[in-house]
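K.L.:
All I have is the shape, not the residue letters:
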């Protein structure tokens, strides 16, 4: 029984490109060497065949990992795999996104106090199972109610570097407006106190398939 077997496994996310999604759903997550492919984003902190996941869907959905796929004129989508990971089977490390990819003073996910421990490094394929495909739409036609206001503001001409960079800028601008800066140790202690009994809440809604 799936629920019984994986109920105590940790929930994590893996951003992917549309070209790889079907193979992952059919075969499961594999390291690049096991797939016979070169690592697309490097293997910082990894062995060369490491599987990278994150407890944060927003981190996993950064366009560095979850490239936008064009669905039509001024319309894009993103894919993130929801997974279950065996407890104790992974190592944690901080965000490896550069300053050019995400402002280092901003939290990428409001549900986390900082960008530390947002990468989970896994070596064994049997220690992770894909449970769902998460989909987000971006562009003028995307539902602001379903996917968030910023998602509906993404444009080709919103940024000289294209819609992916425009999406990052919109996300960073909103996080700064909300004051979601990386917390100091004192702020972190207060945040953890207020978090007791609360559940994580993604500000940008995803559609689960």
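P.N.:
Good, I have the coordinates. These numbers were taken from a predicted model, which means no experiment stands behind them.

K.L.:
low-scoring stretches of this structure, by residue?
P.N.:
Along the chain, the parts satisfying pLDDT under 70 run over 40, 184-204.

K.L.:
how about the strands of it, start to end?
P.N.:
Ranges of strands in the chain, per DSSP state E, are 10-16, 51-53, 69-72, 75-85, 90-93, 119-122, 128-138, 207-208.

K.L.:
and the fourth one, which strands flank it?
P.N.:
In other words, strand 75-85. strand 10-16 (antiparallel), strand 69-72 (antiparallel), strand 128-138 (antiparallel) (DSSP bridges).

K.L.:
and the first one, which residues are buried?
P.N.:
Which is strand 10-16. 10, 12-16 (16 or more other CB atoms under 10 Å). Quick note: C-beta positions are derived from backbone N, CA and C, even for glycine.

K.L.:
Give me the distance from it to the chain's centre.
P.N.:
How far strand 10-16 lies from its chain's middle: 7 Å, per CA atoms, centre = their mean, to the nearest Å.

K.L.:
again with stretch 154-167
P.N.:
Chain-centre distance of stretch 154-167: 19 Å, with CA atoms, centre = their mean.

K.L.:
ditto for stretch 59-71
P.N.:
Taking mean C-alpha positions (CA atoms, centre = their mean), stretch 59-71 and its chain are 8 Å apart.
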